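Asks: Give me a 3D structure for the following:
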Amino acid sequence: MVLNIIKKLFIFSIIIMVFGCSAPQLPPEIQIAEKQEHNLWLSGAEIYSPDGFKQYRISLRKVKDDLIKEKSRFIWFQDYQSIQMDARALLESGFNLQKTVSDTRNIKKASISDKISFLKNRIETLKGLTEMINEGRLARKDLIKAELILSEAVTLYNNSDYKAAGTKLKDLSGFISAAENALFPILNRYADRGHIEKWQQMADETIAESKKTGIQAIIVNKSERTLILYRNGIPFRTYNVGLGRNGSLDKSFAGDKKTPEGKYRITKKLYASLYHKALLINYPNEEDMRNFASAKKKGLIPPNSKIGGLIEIHGGGKNSMTDGCVSMDNDMIDSLFSLVDVGTPVAIVGAVGHNNTLSSAIEGL
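Replies: Okay, the predicted model is just below:
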């Protein structure tokens, strides 16, 4: 028995002398792959190629598991050749994945940059439109919120967080839509052919009366914020004016703060009013009363509403927003006051032509 043990030890020593006792060298590609995985994560592979990065991690885990199994084998039987080949294939897929991530990231970067530029211009355009109508104050609140969110998105973009920047841009789209919904129904009135033809007819008839009778006539143009005094059918003086808080729309009932549209006459000259001097017009006229009754019957206005009255052309400043009247600077109302008489025809219209300021402003939007 002792001889058998000695014999085995002798054989074992011979094997060690011949083959050595050091373990096979571990594939260096696995450590490289681990660093590659970290670099892929840093470059945003989870964001820009989630499926590809998931598969990469699964393959890396398998290679590492195979390595552990192989290392557990008896040192003389360890063979890392197939594991090394798998690791090299993994590195190759990692290089391809990095290119995919880089390409996708650049596309996303360019897309976000274009969206930021577009939305910035959109907000600036809409802000400009809000300055053209009194009702723009309602849209400005949403545009202020949109600007704040856009600023946050730009910061994220500059920090290369394109996914978060894109999410922010989606958030601000709702505020831009809200602003558009507040502005466009009003502005579209001034591009509507039916409205324009009606306004043009009222203005033409009023000017024709001035030309025929030789009296003065007044045309208030909402889109241009002007009051033009005609004499013998020819423009004589032009004044800048202000309108009601919701003056871009046609008046429907008392308290709506809209400036009426129609053909009227000056019924009284007030030398002293709350707003310097004032010219009272005959709103509501017969057409206004018919429209009011029809709208009430159709449920388009509150059932308890009244038609209202006391619409004036008065002083107080052209930049003030009224409850529905037409306002002028005090020195301008002084001038107009001295030139017109009771009975002077007045036409208040949205615009006098298709190429008015408001219709032109929304072209291309």
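Asks: all helices of the stretch 251-365 of the chain, in order?
Replies: Taking DSSP state H, counting those that start in this stretch to define them, one finds helices in the stretch 251-365 of the chain at 286-297, 330-339, 357-361.
Asks: can you tell me which of those helices comes nearest to residue 40?
Replies: helix 357-361 (49.8 Å; C-beta to C-beta). No exception for glycine: its C-beta is placed from N, CA and C like everyone else's.
Asks: so which of the helices of the stretch 251-365 of the chain comes closest to residue 48?
Replies: helix 357-361 (40.5 Å).
Asks: In CSV, list the C-alpha atoms belonging to that closest one.
Replies: The C-alpha coordinates for helix 357-361 follow below in CSV (Å, rounded to 0.1, in the frame of the first residue of the first chain):
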residue,chain,number,x,y,z
THR,A,357,-53.5,94.0,-39.8
LEU,A,358,-55.0,91.0,-38.0
SER,A,359,-55.7,88.8,-41.0
SER,A,360,-52.1,89.4,-42.2
ALA,A,361,-50.7,88.6,-38.7
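Asks: Contacts for that helix next, please.
Replies: By C-beta atoms under 8 Å, 6 or more residues apart in numbering, the list of residues contacting helix 357-361 from outside reads 128-129, 132-133, 187, 190-191, 196, 223-224, 248, 351.
Asks: if you set the cut-off to 10 Å instead, what comes out?
Replies: By C-beta atoms under 10 Å, 6 or more residues apart in numbering, the residues outside helix 357-361 that reach it are 125, 128-129, 131-133, 183, 186-192, 196, 221-225, 248, 350-351, 353-354.
Asks: re the thing from before, hey, which of the helices of the stretch 251-365 of the chain is tucked in deepest?
Replies: The highest average neighbour count among the helices of the stretch 251-365 of the chain, using mean count of other C-beta atoms under 10 Å, belongs to helix 357-361 at a mean of 18.
Asks: low-confidence ranges in the chain?
Replies: Residue ranges of the chain with pLDDT under 70: 1-24, 364-365.
Asks: Would you map out the domains in it?
Replies: Domain segmentation of the chain under automatic domain parsing yields 23-191, 193-353.
Asks: Centre of the chain to the shortest one, how far?
Replies: Computed by C-alpha atoms, centre = their mean, to the nearest Å, the separation of domain 193-353 from the middle of its chain amounts to 34 Å.
Asks: Between the two ends of it, how far is it?
Replies: The first residue of domain 193-353 is 9 Å away from its last residue (C-alpha to C-alpha, to the nearest Å).
Asks: Also stretch 266-282?
Replies: Start-to-end span of stretch 266-282 (C-alpha to C-alpha) is 7 Å.
Asks: Give me the buried positions along that stretch.
Replies: Within stretch 266-282, the residues that count as buried by 16 or more other C-beta atoms under 10 Å are 266, 275-282.
Asks: mind listing which of the residues you listed are in strands?
Replies: The strands, defined by DSSP state E, take in 266, 276-281 from these.
Asks: In a markdown table, list the residues you listed along with distance to residue 63.
Replies: Written out in a markdown table, the entries for these read as follows (distance: C-beta to C-beta, whole Å):
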| residue | distance to residue 63 |
| --- | --- |
| 266 | 93 |
| 276 | 89 |
| 277 | 92 |
| 278 | 90 |
| 279 | 91 |
| 280 | 92 |
| 281 | 89 |
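Asks: Among those, which one lies nearest to residue 233?
Replies: Using C-beta to C-beta, residue 266 comes nearest to residue 233 of those, at 18.0 Å.
Asks: Look up how far residue 50 lies from that closest one.
Replies: 73 Å (C-beta to C-beta, to the nearest Å).
Asks: before we move on, what about residue 325?
Replies: Note on residue 325: its distance to residue 50, by C-beta to C-beta, is 62 Å.
Asks: and if you look at residue 247?
Replies: Distance of residue 247 to residue 50, computed by C-beta to C-beta: 54 Å.
Asks: Who has more neighbours out of these two?
Replies: Ranked by neighbour count (other C-beta atoms under 10 Å), residue 247 and residue 50 place residue 247 first, with 28 against 10.
Asks: quick one: contacts for the nearest residue to the more buried one once chain neighbours are set aside?
Replies: Sequence neighbours aside, residue 259 is the residue nearest to residue 247 in space, at 3.8 Å (criterion: C-beta to C-beta, 6 or more residues apart in numbering). Listed by C-beta under 10 Å, 6+ apart, the contact partners of residue 259 are 134, 220, 222, 241-251, 283, 311, 322-327, 348, 350.
Asks: out of those, which are buried?
Replies: Applying 16+ other C-beta under 10 Å to these flags 134, 220, 222, 241-251, 283, 311, 322-327, 348, 350 as buried.
Asks: Okay, and which of those map to strands?
Replies: Using DSSP E, the buried ones among the contacts of residue 259 in strands are 220, 326-327, 348.
Asks: Dump these into TSV; add distance to residue 166 as well.
Replies: What follows is these, written out as TSV (distance: C-beta to C-beta, whole Å):
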residue	distance to residue 166
220	48
326	47
327	46
348	48
